[in-house]
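A.B. asks: sequence and predicted structure are below.
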Protein chains: 6
Amino acid sequence: MSAGPGAAWGVPGLPGTVVVKVSGKHINPEKPNMVKGYAEVFRSLHREGYRLAVVVGGGPVARAYIAAAREAGVNRALQDVLGIEAARLNARLLAAALHPEAYPEPPRSIWEALEAAATGKIVIAGGFQPGQSTAGVAALLAEALNADLLVLATTVDGVYTADPRRSPEAKLIPRLDYETLRKVLQQSVEPGRYELLDPLALSIVERSKIPVRVVNGSDPDNVARVVRGSDVGSLIATTKQ
Amino acid sequence: MSAGPGAAWGVPGLPGTVVVKVSGKHINPEKPNMVKGYAEVFRSLHREGYRLAVVVGGGPVARAYIAAAREAGVNRALQDVLGIEAARLNARLLAAALHPEAYPEPPRSIWEALEAAATGKIVIAGGFQPGQSTAGVAALLAEALNADLLVLATTVDGVYTADPRRSPEAKLIPRLDYETLRKVLQQSVEPGRYELLDPLALSIVERSKIPVRVVNGSDPDNVARVVRGSDVGSLIATTKQ
Amino acid sequence: MSAGPGAAWGVPGLPGTVVVKVSGKHINPEKPNMVKGYAEVFRSLHREGYRLAVVVGGGPVARAYIAAAREAGVNRALQDVLGIEAARLNARLLAAALHPEAYPEPPRSIWEALEAAATGKIVIAGGFQPGQSTAGVAALLAEALNADLLVLATTVDGVYTADPRRSPEAKLIPRLDYETLRKVLQQSVEPGRYELLDPLALSIVERSKIPVRVVNGSDPDNVARVVRGSDVGSLIATTKQ
Amino acid sequence: MSAGPGAAWGVPGLPGTVVVKVSGKHINPEKPNMVKGYAEVFRSLHREGYRLAVVVGGGPVARAYIAAAREAGVNRALQDVLGIEAARLNARLLAAALHPEAYPEPPRSIWEALEAAATGKIVIAGGFQPGQSTAGVAALLAEALNADLLVLATTVDGVYTADPRRSPEAKLIPRLDYETLRKVLQQSVEPGRYELLDPLALSIVERSKIPVRVVNGSDPDNVARVVRGSDVGSLIATTKQ
Amino acid sequence: MSAGPGAAWGVPGLPGTVVVKVSGKHINPEKPNMVKGYAEVFRSLHREGYRLAVVVGGGPVARAYIAAAREAGVNRALQDVLGIEAARLNARLLAAALHPEAYPEPPRSIWEALEAAATGKIVIAGGFQPGQSTAGVAALLAEALNADLLVLATTVDGVYTADPRRSPEAKLIPRLDYETLRKVLQQSVEPGRYELLDPLALSIVERSKIPVRVVNGSDPDNVARVVRGSDVGSLIATTKQ
Amino acid sequence: MSAGPGAAWGVPGLPGTVVVKVSGKHINPEKPNMVKGYAEVFRSLHREGYRLAVVVGGGPVARAYIAAAREAGVNRALQDVLGIEAARLNARLLAAALHPEAYPEPPRSIWEALEAAATGKIVIAGGFQPGQSTAGVAALLAEALNADLLVLATTVDGVYTADPRRSPEAKLIPRLDYETLRKVLQQSVEPGRYELLDPLALSIVERSKIPVRVVNGSDPDNVARVVRGSDVGSLIATTKQ
């Protein structure tokens, strides 16, 4: 059923390098079981030989600090910095659950991420820069690490023809190319409402032809499945490889 | 009415160096007005010429991360590390509100604190080491920086003859020496229930004869008052100076 | 003739904080006199009391390293990293000419920039992240530092109604608001051909209402002039302040 | 005779992670042969697959710098910092003798220790914080690294019923639990006179049930023996495991 | 034909540790094919088990920045610092081509080099200190890393009896000892004209008896050949080993 | 009697920037009064407005660690690193006595020194690189910081016509130029026996025309005297300025 990540998109020589973006809705202090579940998935994959980098969102803790900073008169850039630091706190929580397989310090720039990756540990980041989406960080890391796959563990099952939480007739698109994704995102009434690639992140994966898997991150095993090659959720890739 | 911190304990040549420990109950994302209030107090004191270092507790965010880590199977030392990181997030929130008067990065060791202090900015820390109390960090910083005063901004009005939240007859002690404080802390039924100096912190302030003010931190102005020399809360100092 | 930066847009309490973006076409090893000229301008402004941060582009050296990396098979993210490092080398050249008034190390993230700024030295950066424009870094720094003004020292005299190098009838717009700039940039046939704000940078200065001056950086004195309040080039600001 | 560290206390799956605390009386510039001996022991264990962290005391060099600092009017906290730096110099001496198997830089905080450990090298520390005992650092590291064993290489043969240097009838206790150790330490006339666990360190090993071996460090092979499972010196552990 | 580096000078237990110094004339943005060629050689050797450190010269980019700095009035020490930073940019270019086998950050001191080497990655440096030759850095690294061989990839075929570019009768010396090299360098009319060891670097390799290979670096394969034990270029070593 | 450092060599605009090299024979744990004396001198000069950098030698502690390392089989480069670390420990001792006027961390490279100097604190270093003399570090720092004066606080009263400890007829040379110093050093029977500039350090001060004062550091006030302009010891400078 599975032959590693290459099965679905034809990249040989597995295991490989995988970057996973996990929503802050899944990794935060209110969900210790999800933290534990993701730690188990990443530990298993790491022991199977995959090189892993994970980007964790800020979730509710980030929103709380950003709101408090705004009320206290803090400027927008520093509000964003606090949001990133909250995401890094979530990253530390996941790293602690993955100890000693994870690098203990969440990097704050592409330079720090490369140094952390040089140890061979799982790198867990929380954000690099104000104004940049978590998916953007993940796309950048995937490109820098020559990743074979970028996995987006979101709150929906994949890419839909419309917002599945609003349109009952919305259908999951199992496979699409970058150009099609761009159109889907543009025609969506509220593109920001479900977490996918922003334009910058999309341009990165497209220019470097990085295959992207969108899966429902409510079940951490979905990440394990697609890394090992199962055809879950949606695959965004070039038409022919 | 005030002649600087020296008024109450006889140290000339003011303004001086002051270390303030603020409970995480006062500085956290649920209390943006307190954050703003403390930022205003520290900004004013800094502009008056005081050299300031602040230690912020972890409060409810720290407790949430520690609990989640425990449930996810993280060891005790790393649970504490997460608590310190949460306290550092609170420290960042306060630093952002104090920008650019505060040093932007909360130090994680006495070495980093000394380097930050070398810039002349207000240093805001969140904890240095697992197993160490926030008051311990503050006492250590006060000693290292040759501080003229250590202020503990707690949730009670000062040192009492008994726990004021349990004993209606408990009386605030306006001035006491280190040895008396030690006895008060020991005879207290639940010494840990109200935030003061743990034995290690007490031994530091005693050996270096650092005057300590305990005030109610629910009003940030109490900190400004005692720094400027008013006789608010309790003063712990040597009998004669 | 001049009353500080506030003269043109009504901000009192000068001197203030200014961020300047200088094209890599002006600061590079082939133009030592420009390096010297900019160093003199920034030294003068610094001594007048302005807090300064400068962002330098990569110019021809960056292009050479990016091209070599591409030919050597380096991925796009790391190509960009090399371009940033080349820009940082230009930043070091300018910092050396400004020694000891400049901070010696070009920051690589907003965190490092804030730490460098805490010393009170002129901070000179070269880029923070792959895929981000130099103007984007400058806008972010301006927001984080609560700058009173962002100066773009470009290769043209200001914002024009059309590309001045192609349309003889193009006219310089002395003052415009953010929304108008957005339209000008969109209707430009080749918006990337003359260096201004990309959409992300524009959204930052707009949301934080940071006044932006576009001047011809071929003469470093133009930067000094607008910082001191002269009405040179184009001013982008809110309609009424 | 030996079946790895688990033999004496029932932990399967060896080799494991071991933290060793070596007195500064054993590792200092006056004892190059001891440095060499310890280097050989740690190199052997490392090559057998053990993950190792070592904490070295300050010994006579630390005492000399602390005394000089006191005479020069340095405050107590900075006196302690100098003592830690002297201990770190001893740690560097041992690390140099263990090159390239040891991490070259002695960490100064739990964060730096975790980053060093991520390389897989032997981590050699010298102290983290003023007022903290070397044994306290070792206990903290043991907890953070999920160590299977903490070895205290002291100047006596183990835990005695009384101070063996004063009471001829003192008997070595081959095995005891944490509670018993606490009582032994309390009833000792001069508990500080022989190097064992201070109360804070004891509470750490107890709460995390870390087995502790106390051996005579005058012979480095004693450390190798207990790591490999021999029953030398005293074992402090829970009654039943 | 080859039995590893030991074949020519009798060191058993191969592969070993090798330090290579490559002229900035070979590694710079104008020679992407050489960058690629060296990357392939180092990748192959690394995968064969060799531990590698590489020192890259500054070449034409360094000269350009130094000249610009001089014209801009920068002091000599900071001119040299810029030259080192240019060499580090070349080092980054090579490291990017060697990603992820190389450590991403070129070290700036022996301490940073040792920390980078602890990851097991190929360390690529560009210079440590003003006034120090690239060969001096390489010799120092070779000594610190207990290297089995130092390779100098220069622009000539080896050590000659006279400058081969001036004296047609100059003959390559296939093997010589340190003392003979010293004499050759002294009697050379213009010793600085062809790149070899300066007196300081020579004293380091001599005191630690580090074998040195001088080869023509115009062909990267020459480096691979001598590391694997072929007798190419000149070997400088003790007479008998 | 004194008109600042310029009095003796004609540099206007005082106070200025001064680099002082103090022998490890003067600053070490066996001489707390010298540590105190130097701290007082540097504190006074700093408060008078001088910008100061100090380089401290390793002295007897360095020799002890180097000897121990050699006996333990450590390579020469790492022996030197230990010697530098011992010198840095002496630097920390002096910095602690100068707290908070000194930067707390002794830099290990020219980059770190420049960053430390950016705070405006007194920078106290202990060595940068194996094989480099303390005087070499001091000369390099003096050049990088555009120092007006380099003071060598040695164990003799100045530059003599011969070694004063061997030749009773040796006469102190009150003023000489760089070329003359070179000759004096060369004709000395044992040039290394009294501490002055090695050839590399000499070439640095000569090329940048940095005036050098050689004084007897047994009395810290000698340093204060020459910084303030008194004509004590020997002055090495260009013939005419």
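C.D. replies: Yes, it's here.
A.B. asks: name the helix or strand for the spatially closest residue to residue A:220 that is not a sequence neighbour, please.
C.D. replies: Take residue A:220 and drop its neighbours on the chain: the residue closest to it by C-beta to C-beta, 6 or more residues apart in numbering or on different chains is residue A:37, 4.0 Å away. C-beta coordinates here come from the backbone N, C-alpha and C atoms, glycine included. Element membership for residue A:37 (DSSP states H and E) is helix A:32-47.
A.B. asks: for that helix, which helices and strands make contact with it?
C.D. replies: Judged by 3 or more C-beta pairs under 8 Å, 6 or more residues apart in numbering or on different chains; DSSP states H and E, helix A:32-47 is in contact with strand A:17-22, strand A:51-56, helix A:76-97, helix A:221-227, helix B:59-71.
A.B. asks: could you dump it to CSV, C-alpha only?
C.D. replies: Presented in CSV, the C-alpha positions along helix A:32-47 are these (Å, rounded to 0.1, in the frame of the first residue of the first chain):
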residue,chain,number,x,y,z
PRO,A,32,-1.5,17.7,25.2
ASN,A,33,-2.8,14.5,23.5
MET,A,34,-2.3,16.1,20.0
VAL,A,35,1.2,17.1,21.1
LYS,A,36,1.9,13.6,22.2
GLY,A,37,0.4,12.2,19.0
TYR,A,38,2.5,14.4,16.7
ALA,A,39,5.6,13.6,18.8
GLU,A,40,5.0,9.9,18.2
VAL,A,41,4.5,10.3,14.5
PHE,A,42,7.6,12.4,14.1
ARG,A,43,9.7,10.1,16.3
SER,A,44,8.6,7.1,14.2
LEU,A,45,9.4,8.8,10.9
HIS,A,46,12.8,10.1,12.2
ARG,A,47,13.7,6.6,13.3
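A.B. asks: tell me the buried residues in that helix?
C.D. replies: Under the neighbour-count criterion of 16 or more other C-beta atoms under 10 Å in any protein chain shown, helix A:32-47 has A:32, A:34-43, A:45-46 buried.
A.B. asks: and the angle from that helix to strand A:17-22?
C.D. replies: On the basis of axes from the mean of the first three to the mean of the last three C-alpha atoms, to 10 degrees, helix A:32-47 is oriented at 170 degrees to strand A:17-22.
A.B. asks: and the nearest residue to residue A:197 once chain neighbours are set aside, how many neighbours?
C.D. replies: Leaving aside its sequence neighbours, residue A:197 sits nearest to residue A:135 (C-beta to C-beta, 6+ apart; 5.1 Å). Neighbourhood size, residue A:135 [other C-beta atoms under 10 Å in any protein chain shown]: 25.
A.B. asks: now the host helix or strand of residue A:135 and helix A:76-97, what's the angle there?
C.D. replies: Secondary structure from DSSP H and E places residue A:135 in helix A:134-144. With the same axes, to 10 degrees defining the directions, helix A:134-144 sits at 70 degrees from helix A:76-97.
A.B. asks: quick one: average confidence on helix A:134-144?
C.D. replies: When pLDDT is averaged along helix A:134-144, the result is 96.
A.B. asks: return the nearest residue of chain A with respect to chain F.
C.D. replies: Closest to chain F within chain A is residue A:111: 15.6 Å, counting by C-beta to the nearest C-beta.
A.B. asks: can you pull the contacts of that residue?
C.D. replies: Residue A:111 is in contact with C:81, C:108, E:104-105, counting by C-beta atoms under 8 Å, 6 or more residues apart in numbering or on different chains.
A.B. asks: show the pLDDT at it.
C.D. replies: 98.
A.B. asks: likewise for the one 4 residues further on?
C.D. replies: Predicted confidence (pLDDT) for residue A:115: 98.
A.B. asks: same check, this time on residue A:120
C.D. replies: Note on residue A:120: pLDDT of 97.
A.B. asks: could you do residue A:128 as well?
C.D. replies: With respect to pLDDT, residue A:128 has a value of 95.
A.B. asks: next, residue A:213: secondary structure please.
C.D. replies: Under DSSP: H, G, I helix; E, B strand; the rest coil, the three-state class of residue A:213 is strand.
A.B. asks: that one contacts residue A:228, correct?
C.D. replies: No. Using C-beta atoms under 8 Å, residue A:213 makes no contact with residue A:228, being 11.4 Å away.
A.B. asks: more neighbours: those two, which one.
C.D. replies: Taking neighbours as other C-beta under 10 Å, residue A:213 and residue A:228 compare with residue A:213 leading, 28 against 19.
A.B. asks: let me see the contact set for the more buried one.
C.D. replies: Contacts for residue A:213 (C-beta under 8 Å, 6+ apart) come out as A:149-152, A:226, A:232-236.
A.B. asks: cool, and residue A:81?
C.D. replies: Contacts of residue A:81 by C-beta under 8 Å, 6+ apart are A:130, B:92, B:96, C:110-111, C:144.
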